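Undergrad: sequence first, predicted model second:
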Amino acid sequence: LITKHRKSKDIVEEAIRCKLKILQNDGVVTSLCARPRKTGHALFLLGGQTFMCDKLYLVDQKAKEIIPKADIPSPRKEFSACAIGCKVYITGGRGSENGVSKDVWVYDTLHEEWSKAAPMLVARFGHGSAELKHCLYVVGGHTAATGCLPASPSVSLKQVE
């Protein structure tokens, strides 16, 4: 399906180039590697790439200031975030309470409050998420390995929720 649709294929190829760029830099994002597909009125910063964090900030581009918002209810890292309408969804990640998470948290930007949504089917971290026709899709990433003394501390996922 993706290979037959040119625009979809271009987006996947861009995502692969971005991932390779990050991997070449030991997982540190130093610059924008994917171009935004849409612009909006708000930019939210969510903490937690290399350490667990529960912070959410709004970047006010006109006033040139960063405004703290309601903390994420459960600190985490290596999660994914996606905006759909006036809500920001964060999925999965690694947290202190239960390791790899399948939690989905929703931040309502109008009411400035968090709520918990239905969990994903599989706990995952290091994944991506995107909106398509007002639906949230979560793709790839890793999940905790099962079994005794695995060769790797995680198992790569090749599925979409």
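TA: It's in. Numbers count the residues shown, from 1 in each chain.
Undergrad: who's residue 106 bridged to?
TA: Beta-bridge pairing of residue 106 under DSSP bridges involves residue 89, residue 115.
Undergrad: quick one, what contacts the closest residue to residue 92 other than its chain neighbours?
TA: In space, and not counting its chain neighbours, residue 92 is closest to residue 124: 4.5 Å by C-beta to C-beta, 6 or more residues apart in numbering. Heads up, the C-betas are built off the backbone N, CA and C, glycines and all. The contact partners of residue 124, by C-beta atoms under 8 Å, 6 or more residues apart in numbering, come to 91-92, 100, 102, 138, 140-143, 157.
Undergrad: give me the below-cutoff pLDDT ranges for the protein.
TA: Residue ranges of the chain with pLDDT under 70: 1-3, 22-23, 25-41, 48-52, 97-98, 145-161.
Undergrad: go with 50
TA: Within the chain, the ranges that satisfy pLDDT under 50 run 147-152.
Undergrad: in contact with the residue nearest the centre of it, which residues?
TA: Using C-alpha atoms, centre = their mean, the residue of the chain that lies closest to the mean C-alpha position is residue 80, 1.0 Å off. Shown in contact with residue 80 (C-beta under 8 Å, 6+ apart): 90-93, 127-129, 138, 141.
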